[in-house]
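>>> Next comes the sequence, and after it the predicted model I'd like to discuss.
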Amino acid sequence: MEAIRAESLTKSFGPLVAVNSLTLSVAEGEIFGLVGPDGAGKTTTMRLLTSIMGPTSGDAWVAGHHVVREAEAVKEDIGYMSQRFGLYPDLSVMENINFYADIYGVPRKGRTERIDRLLAFSNLTPFKKRLAGNLSGGMKQKLGLACALIHTPKVLFLDEPTNGVDPVSRRDFWRILYQLLREKVTIFVSTAYLDEAERCNRLALIHAGRLLAVGTPDEVKRLTRGTILEVRSPQARRVTTLLRERLCSTGVSPVESVGLFGDRVHVVTHVPQETTAQVERLLADANLERAGITAVEPTLEDVFISVLAREEGGKPDERE
């Protein structure tokens, strides 16, 4: 069954179309990722699906309830953790959880047992008396998650929950999310981290309010057209600039995109042998060092850069 369904969901703010005719479905009991850069429309989509704001047009249903006509029923069946979750820094961990339990109308009977389980679940038991303002970034996110789960929601919405959190805390946070799947909670999570998108059962790539692709991580990766050549160089930034200027300057180029990945440059091409030879000549003429050029399997970031380049009429990606 579907936990979330959106049909031509659109939200405009004057001339700005923040969400543009979004259509997707999320099955019960899966982690679904909404992936895109800042300003892509992820937060607006979350607010539409959680009945915080109404759409300009289109429809959506969450846990079987229409997000406009049955907004209160939607809010009873979901947990929502926004980018700036409303923890109270001058309250302890326990006091914050009890506060949200009161808001959601969680009965006193059995509440202590549920809170103890959530504290253990999120490894917060040793810190239950600590003020929320004195927690680390990762622990604050875990507390926010515990507060969002106190009323046993059917669908959990998480808006970039690990943004700015250290890698170890990010890993721990995702471990907790996987545990939630065993309790049949559907998780809809937005993220700008493409490595996190790999952890989702299915995902959607979004840019400028429009869905570019939907599927499992492997299905989305297969959307990359052509071969990815990885150029390793200690001068990767200069290599990237050169290759964008020389290989992506015309609309008829066999090179679809050039992306910078640390000390590596990924070139998406339809003629790998010719492009390899051309890259070698360009680097040699510019006296730029390289450690090697090899064909590699696509990452989600490769896909996003490639699909985005096609959407923008073949323009090379300029992000670094």
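Right, received. Where do you want to start?

>>> Low-confidence stretches in this structure?
249-252, 309-320 (pLDDT under 70).

>>> what's the burial count for Pro254?
Applying other Cβ atoms under 10 Å, we find 14 residues neighbouring Pro254. Just so you know, the C-beta spots here come from the backbone N, C-alpha and C atoms, and that holds for glycine as well.

>>> And the helices in the stretch 1-150 of the chain?
42-49, 71-77, 93-103, 111-121, 137-149 (DSSP state H, counting those that start in this stretch).

>>> what packs against the third one?
Read it as helix 93-103. Judged by 3 or more Cβ pairs under 8 Å, 6 or more residues apart in numbering; DSSP states H and E, the packing partners of helix 93-103 are helix 111-121, helix 137-149.

>>> out of those helices, deepest packed?
Burial of the helices and strands packed on helix 93-103 is given as mean neighbour count (mean count of other Cβ atoms under 10 Å); helix 137-149 ranks first at a mean of 22.

>>> Which neighbouring elements make contact with that one?
Partner elements for helix 137-149 (3+ Cβ pairs under 8 Å, 6+ apart): strand 78-81, helix 93-103, helix 111-121, strand 155-159, helix 167-181.

>>> Format those as TSV; extra columns: distance to Leu308.
Output for these, formatted as TSV (distance: least, Cβ to Cβ, whole Å):
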stretch	distance to Leu308
strand 78-81	28
helix 93-103	38
helix 111-121	38
strand 155-159	22
helix 167-181	24
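
>>> Let me know which of these is the nearest to Met46.
Closest approach to Met46 among the helices and strands packed on helix 137-149 is made by strand 155-159 (4.8 Å; Cβ to Cβ).

>>> can you list contacts of that closest one?
Strand 155-159 is contacted from outside by 3-4, 42-43, 46, 49-50, 62-63, 77-83, 145, 148-149, 177, 180, 185-190, using Cβ atoms under 8 Å, 6 or more residues apart in numbering.

>>> Which members of these are classed as buried?
3-4, 42-43, 46, 49-50, 62-63, 77-82, 145, 148-149, 177, 180, 185-190 (16 or more other Cβ atoms under 10 Å).

>>> Strands of the protein, start to end?
For the chain, strands defined by DSSP state E occupy the ranges 2-13, 16-27, 31-35, 57-62, 65-66, 78-81, 155-159, 186-191, 202-207, 210-215, 227-232, 255-261, 264-269, 292-296.

>>> Need those strands in JSON lines (columns: distance to Ala277).
Formatted as JSON lines, the strands of the chain follow (distance: least, Cβ to Cβ, whole Å):
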{"stretch": "strand 2-13", "distance to Ala277": "47"}
{"stretch": "strand 16-27", "distance to Ala277": "41"}
{"stretch": "strand 31-35", "distance to Ala277": "35"}
{"stretch": "strand 57-62", "distance to Ala277": "49"}
{"stretch": "strand 65-66", "distance to Ala277": "58"}
{"stretch": "strand 78-81", "distance to Ala277": "51"}
{"stretch": "strand 155-159", "distance to Ala277": "46"}
{"stretch": "strand 186-191", "distance to Ala277": "38"}
{"stretch": "strand 202-207", "distance to Ala277": "32"}
{"stretch": "strand 210-215", "distance to Ala277": "31"}
{"stretch": "strand 227-232", "distance to Ala277": "11"}
{"stretch": "strand 255-261", "distance to Ala277": "13"}
{"stretch": "strand 264-269", "distance to Ala277": "11"}
{"stretch": "strand 292-296", "distance to Ala277": "10"}
